[in-house]
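K.L.:
below are the sequence and a predicted model; questions follow.
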Amino acid sequence: MARFVRLLAAVALAAGVAAVSPASAAPVKSYQAPFKVGATGGDQFSYHSANSNGTVTVARVYPIPGVINCTKGGPYARLTVQHKATRQVRKVVVSYSSAAVDNFTFLMVGLRDGRGHWYGTKTVRGFVAGSGSVTLLPDRQGGFPRPLIVEFGLQQSSACPDADEGTIQFTKVQVYS
């Protein structure tokens, strides 16, 4: 009987080790600064900047009230990371610190390939301050292996009149397969 109990304990221990072994854990690839500077833009009333160290800032002061509609021109600034995906991407986590983002500036994360096919986007709307992270769960997948691009940054609405600003320090991008 003691031999049976030892055998049962050994099987249970082996099963527990296999359940938490690194081979069964989701592979994750982490990226940190310097990031690649992506697209930026806006109108003459805006400021937009993305720096490879991870700092992104957008601001706009537009003094003219709209009679019927507001003018286009809200600023945006993005950073990118290229990820060589060998299998399905389960999630993307983008971490940040030193955030001071107002209600009309949006924190955005997207995943796409180089041909313009989008695999998902995540937008955080509303006031963002301090440190945190944004998790994107892709809503579709493509064939593998293939290079994928993670885009992250700030985008602002075009209100009139307005005075809005957002700045953030992106610290890490993690891609889970």
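P.N.:
On my side now, so go ahead. Predicted model, so just to flag it, every value in this text is computed and none were measured.
K.L.:
low-confidence ranges in this structure?
P.N.:
Counting by pLDDT under 70, the chain contains low-confidence ranges at 1-26, 68-69.
K.L.:
residues contacting Phe106?
P.N.:
Neighbouring residues of Phe106 by Cβ atoms under 8 Å, 6 or more residues apart in numbering: 123-125, 154-157. Where C-beta positions appear, they are placed from N, C-alpha and C, glycine not excepted.
K.L.:
got a quick PyMOL command for the buried subset of the residues you listed?
P.N.:
Typed into PyMOL, the next command selects the buried ones out of the contacts of Phe106 (criterion: 16 or more other Cβ atoms under 10 Å):
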select buried, resi 124+154+155+156
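K.L.:
secondary structure and distance to Lys84 for the contacts of Phe106 - can I get that in TSV?
P.N.:
Shown next, in TSV, are the contacts of Phe106 (DSSP: H, G, I helix; E, B strand; the rest coil; distance: Cβ to Cβ, whole Å):
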residue	secondary structure	distance to Lys84
Thr123	strand	26
Val124	strand	27
Arg125	coil	31
Leu154	strand	26
Gln155	strand	27
Gln156	strand	32
Ser157	coil	35
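K.L.:
so what does the longest strand belonging to the chain touch, helix or strand wise?
P.N.:
The single longest strand within the chain, with elements called by DSSP state E, is strand 162-176. Strand 162-176 sits against strand 28-31, strand 55-62, strand 76-85, strand 91-101, strand 105-113, strand 146-156, with contacts defined as 3 or more Cβ pairs under 8 Å, 6 or more residues apart in numbering; DSSP states H and E.
K.L.:
partner strands of the next helix or strand after the first one, parallel or antiparallel?
P.N.:
Right, strand 28-31. Note on strand 28-31: by DSSP states H and E, the next helix or strand toward the C-terminus is strand 36-41. Here strand 36-41 has these sheet partners by DSSP bridges: strand 76-85 (antiparallel).
K.L.:
list the buried residues of the partner strand.
P.N.:
Neighbour-count burial for strand 76-85, counted by 16+ other Cβ under 10 Å, picks out 76-81, 83, 85.
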